[in-house]
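Engineer: what's the 3D shape of this:
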Amino acid sequence: MPANVFVVGLEPFNRRLLQRVRGAADYRFHGLLDVATVAGRGPFDVEALLAEAREVLDDFDEPIDAIVGYWDFPTQLLLPVLRQERGLRGPSLEAVLAAEHKYWARTLQRRIVPELLPPFAVVDPFADDAARCPALDYPFWLKPVKAHSSLLGFRIANRADLAHAIDQIRRGIDEFSVPLEAFLRRADLPAEIARLPSTACIAEGIIAHGRQCTLEGYVHAGKAHVYAVVDSIRGPNRCSFERYEYPSTLPPAVRAEMAALACRVVEHGGLDDTPFNMEFYHDARHDRLWLLEINVRISKSHGPLFEKVTGVPHFEVMLDLALGRQPDYPPAELRYRHAAKFMPRLYGRHDRAVVKATPSAEDIAALEARFPGSDIQMHLRPGMRLGQIRHRDSYSYELATIFMGAQSHQALMADYRRCRAALGVVIEGHAT
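Structural biologist: Sure, this is the predicted structure:
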């Protein structure tokens, strides 16, 4: 009998990926909570989300075998609550918080791999002197202890930057702090973390040199494994992501060292029965590694990359772990030699700029036929202001997502340039 798997925020694009895993006929996928509810703008009403999810699960008249999800906050904190209530596999709420609460995570990592960490400090953005007294020497990053999509993350180079960032954080942090507080109240917290307000932020030193990458791995029966490394390429502002590429072009010895360190970190943190991804920098100039952060989930952005290269998306890992199986991933099959997720952007702050034109569904279908192996998702619609777009950070707007595969890196980049030029996006006062 197929396993009944409930997927938080299930939507058509990722349903198609789930149905491409090996043995897909052995699963029945059921949506749990609307994607607009868990992946939209907050603040999220955690108790209402849990109540809605419980009602759906209680009304289901067959065995529930797993509850999974691939979205960021708040999905990854809803999952352990719902799983624990039904005796399903997955990490505890405390283990997930310890990995994803940025300050808590750093305090744990400092005990294991202090040499991988930049200087860091906790910041109360509502303190009277928050905009005047920097927590670290300039430059540094300032961000909430829990957010997503780089929202409310700021690069601080001077006092003016700090004052602007504190003002913006004070205005917007309720989107994250209110739901975070609801989860913190449910958890058994160490005293150092329990004393912090949910509005706390973390300041971290800037990593000035190096190439960024993300390791995809999992923990099963207490043992961590890393199965892939994806390169993360930032845009000209050095803040916003421009594309993700698989496979990584980092030297094999560097990838092996990162994998060993990643396994040490997640095993020490108490994670089990879960996928994870971990972000690193490799500074070749000084022959050293830096650890950025851990996410207790697969990266859904990487699923299409693995599917294009191996023929099987890594959603398979998430499903195996939720059902208590040791993953056997990736398969040996090779479809394309290279794949990337491209994120064309408009840089700067243009919240009031109006979108004048975007490609129609027919235009997108024609482009995907013109570039075999491509998948195009637009984040814009005619008439909207850029300030309404969810896919943005503090420095840019992500106009679309374009997944592509090719047999060489040169062909991959050439196809992307042609595809982007053909999109026909028009934004008031800006060439894209």
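Engineer: so what secondary structure elements neighbour the longest strand belonging to the chain?
Structural biologist: Longest among the strand segments of the chain by residue count, using DSSP state E, is strand 223-234. Strand 223-234 sits against strand 211-220, strand 241-246, helix 252-268, with contacts defined as 3 or more C-beta pairs under 8 Å, 6 or more residues apart in numbering; DSSP states H and E. Using the backbone N, CA and C atoms, a C-beta is placed for each residue, glycine as well.
Engineer: which one of these lies closest to Leu136?
Structural biologist: Judged by C-beta to C-beta, the one of the helices and strands packed on strand 223-234 that comes nearest to Leu136 is strand 211-220, at 20.4 Å.
Engineer: report the angle between that closest one and helix 252-268.
Structural biologist: For strand 211-220 against helix 252-268, the angle by axes from the mean of the first three to the mean of the last three C-alpha atoms, to 10 degrees is 50 degrees.
Engineer: by contact count, what packs against strand 211-220?
Structural biologist: Looks like strand 211-220 contacts strand 223-234, helix 252-268, strand 274-283, helix 315-322 (3+ C-beta pairs under 8 Å, 6+ apart).
Engineer: okay, and for the chain, where does confidence drop off?
Structural biologist: Counting by pLDDT under 70, the chain shows low-confidence ranges at 431.
Engineer: okay, now the closest residue to Gly373 other than its chain neighbours: neighbour count?
Structural biologist: Take Gly373 and drop its neighbours on the chain: the residue closest to it by C-beta to C-beta, 6 or more residues apart in numbering is Gly405, 3.8 Å away. Gly405 is flanked by 24 other residues according to other C-beta atoms under 10 Å.
Engineer: that older thread, mind checking which of the helices and strands packed on strand 223-234 is nearest Asp363?
Structural biologist: Evaluated over the helices and strands packed on strand 223-234, closeness to Asp363 peaks at strand 241-246, with 21.9 Å, by C-beta to C-beta.
Engineer: and the closest one, which residues are buried?
Structural biologist: Neighbour counts over strand 241-246 (16 or more other C-beta atoms under 10 Å) mark Phe241, Glu242, Arg243, Tyr244, Glu245, Tyr246 as buried.
Engineer: now stretch 346-357
Structural biologist: By 16+ other C-beta under 10 Å, the buried positions in stretch 346-357 come out as Leu346, His350, Ala353, Val355.
Engineer: how close does the second one get to Thr432?
Structural biologist: This points to His350. Using C-beta to C-beta, to the nearest Å, His350 is found at 11 Å from Thr432.
Engineer: kindly report the same for the first one.
Structural biologist: Shown here: Leu346 relative to Thr432, a distance of 6 Å by C-beta to C-beta.
Engineer: anything in contact with each of the two?
Structural biologist: Common neighbours of Leu346 and Thr432, using C-beta atoms under 8 Å, 6 or more residues apart in numbering, are Leu399.
Engineer: what strands line up against the longest strand of the chain, and which way round?
Structural biologist: Partner strands and pairing direction for strand 223-234 (DSSP bridges) are strand 211-220 (antiparallel), strand 241-246 (antiparallel).
Engineer: could you check the angle helix 315-322 makes with it?
Structural biologist: Using the same axes, to 10 degrees: strand 223-234 against helix 315-322 is 150 degrees.
Engineer: so how far is stretch 305-317 off the chain centroid?
Structural biologist: 17 Å (C-alpha atoms, centre = their mean, to the nearest Å).
Engineer: quick one: contacts for Ser240?
Structural biologist: For Ser240, the contact set (C-beta under 8 Å, 6+ apart) comprises Ser150, Arg234, Met343, Arg345, Tyr347, Asp393, Tyr395, Ser396, Glu398.
Engineer: could you check how far the closest residue to it other than its chain neighbours is from Arg111?
Structural biologist: In space, Ser240 comes closest to Ser396 once its chain neighbours are excluded; the distance is 4.3 Å by C-beta to C-beta, 6+ apart. According to C-beta to C-beta, Ser396 stands 36 Å off from Arg111.
Engineer: now do the buried residues in stretch 208-215.
Structural biologist: Residues of stretch 208-215 classed as buried by neighbour count (16+ other C-beta under 10 Å): Gly210, Arg211, Gln212, Cys213, Thr214, Leu215.
Engineer: pick the one among the residues you listed closest to Glu100.
Structural biologist: Thr214 (14.8 Å).
Engineer: how near is the closest one to Glu245?
Structural biologist: Applying C-beta to C-beta, the value for Thr214 to Glu245 is 11 Å.
Engineer: for Pro134, same thing?
Structural biologist: Separation of Pro134 from Glu245 (C-beta to C-beta) stands at 35 Å.
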